[in-house]
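1. predicted model and sequence follow; I will ask about them next.
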Amino acid sequence: MNYIGSKLSLLEFLENSIDKVVDKDCRVFCDLFAGTGIVGNYFKKKGYKIIANDIQYYSYVLNKHYIENHKELMFSKLTRELSELKKVKTENRKDFVCDYLENLKEVKGFVYKNYCLGGTEDREIQRQYFSDANGMRCDAIRKKIEEWKKEKLINNNEYYFLLTSLIESVDKCANTASVYGAFLKKLKKSAQKDFVLQPAKLTVNAQEHKVYNEDINVLSKKIKGDILYLDPPYNHRQYASNYHILETIAKYDNPKIHGKTGLRDYEEQKSLYCSRVEAKNAFKDLILKAKVKYIFLSYNNEGIMSLEDIKEIMSLRGEYGYFTKNYNRFKADKNRKYKADKTVEYLHYTVCK
Ligand SMILES: C[S@@+](CC[C@H](N)C(=O)[O-])C[C@H]1O[C@@H](n2cnc3c(N)ncnc32)[C@H](O)[C@@H]1O
């Protein structure tokens, strides 16, 4: 997923840097601003037990699948409803179920009625986040997944796999420049294409992992680990508003929405790390509380907290250092002019005393 602050292209840098600092006995890797789950999943493949967390529910869903799911999904009970599934080999069942969902009859549900032109044309505010057909497909699939869960035809692991597949596939056909803070006037090419429900990849391994959906400053009191990896927001842009439609598709809770973009209320999910006034105190509280051997922090040279603040705070727990890498800036809006094409990405660390 094209996600603000995604560390997809920095994974090797993270691994090489972390390996230079930590001892060989580290087993538990905590990724507590997990976003897409890409960092946790990378270290899961390296054999770590992962604890992941994010304040956003769509991110929780992605991590429930990418991190917590670690055994092949059987869809055994669903064979009651889809009898042909019995004949399908286990490793092909995920594709079969996604294929079935992709071909459901379209439904005019919450997404169509609020975020598509057809559903909003008689309203005061028209929106076009998805083509009408793709909005109705999204509704049909989302409803069916919930129905299967309620009828106990799928278990939690299967549920989060299906929701992850839906969230990521829907994101590919969104009619936005990148995030959901605005939609485009005309349907762009990728938004015109027919919706494809791409099965999310599954990392099978022997470890148990754990995923939370909490404010990091609350959670960090309750958990222990070896390595704490922190990747907070760097600037004032709240993830809750930039990804509000993914949040609603994940929850499918018929929220009250308002304004041109159909934003849901996100008071409870406002991040202190996006506030110039609050970020430093929240970060200090987190660093002082963390029950781990090593702390790593991804941050760039243009973030809300200054490099001096970070050094001062992280040094409170032990020996401090950092690694750097030049990085191509994330451009949410390809037409906007940005200060610089490249930023310096820092990986700060503390070896805790
Ligand atoms: C820079 S992104 C993480 C990107 C992630 N490493 C990746 O590669 O996909 C920051 C994440 O922190 C989450 N977040 C912000 N404030 C939070 C808080 N107080 N507690 C937990 N998560 C928070 C956001 O929802 C967002 O997903």
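-> Nice, thanks for sending it over.
2. for the residue lying closest to Ile223 once chain neighbours are set aside, what are its contacts?
-> Spatial nearest neighbour of Ile223, chain neighbours left out: Ile51 (5.8 Å); criterion: Cβ to Cβ, 6 or more residues apart in numbering. Quick note: C-beta positions are derived from backbone N, CA and C, even for glycine. Shown in contact with Ile51 (Cβ atoms under 8 Å, 6 or more residues apart in numbering): 28-32, 209-212, 223, 225.
3. equivalent analysis for Val61, please.
-> So, once contact is read as Cβ under 8 Å, 6+ apart, Val61 ends up touching 160, 163-164, 167, 250.
4. which stretches of this protein form strands?
-> 28-31, 49-53, 210-212, 227-230, 257-258, 263-264, 294-300, 318-328, 342-352 (DSSP state E).
5. partner strands of the third one, with direction?
-> With DSSP bridges as the criterion, the sheet partners recorded for strand 210-212 are strand 49-53 (parallel).
6. one more: the fifth one?
-> Each strand that pairs with strand 257-258, with its direction, by DSSP bridges: strand 263-264 (antiparallel).
7. isn't Thr90 right up against Glu72?
-> Yes - in terms of Cβ atoms under 8 Å, Thr90 counts as a neighbour of Glu72; the distance is 5.5 Å.
8. sorry, back to before: now distance to Glu84, pLDDT and neighbour count too, for the contacts of Ile51, in JSON lines please.
-> Formatted as JSON lines, the contacts of Ile51 follow (distance: Cβ to Cβ, whole Å; pLDDT from 0 to 100; neighbours: other Cβ atoms under 10 Å):
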{"residue": "Val28", "distance to Glu84": "42", "pLDDT": "98", "neighbour count": "19"}
{"residue": "Phe29", "distance to Glu84": "40", "pLDDT": "98", "neighbour count": "28"}
{"residue": "Cys30", "distance to Glu84": "42", "pLDDT": "98", "neighbour count": "30"}
{"residue": "Asp31", "distance to Glu84": "38", "pLDDT": "98", "neighbour count": "30"}
{"residue": "Leu32", "distance to Glu84": "42", "pLDDT": "98", "neighbour count": "26"}
{"residue": "His209", "distance to Glu84": "32", "pLDDT": "98", "neighbour count": "23"}
{"residue": "Lys210", "distance to Glu84": "35", "pLDDT": "98", "neighbour count": "16"}
{"residue": "Val211", "distance to Glu84": "32", "pLDDT": "98", "neighbour count": "25"}
{"residue": "Tyr212", "distance to Glu84": "37", "pLDDT": "98", "neighbour count": "21"}
{"residue": "Ile223", "distance to Glu84": "43", "pLDDT": "97", "neighbour count": "18"}
{"residue": "Gly225", "distance to Glu84": "44", "pLDDT": "98", "neighbour count": "23"}
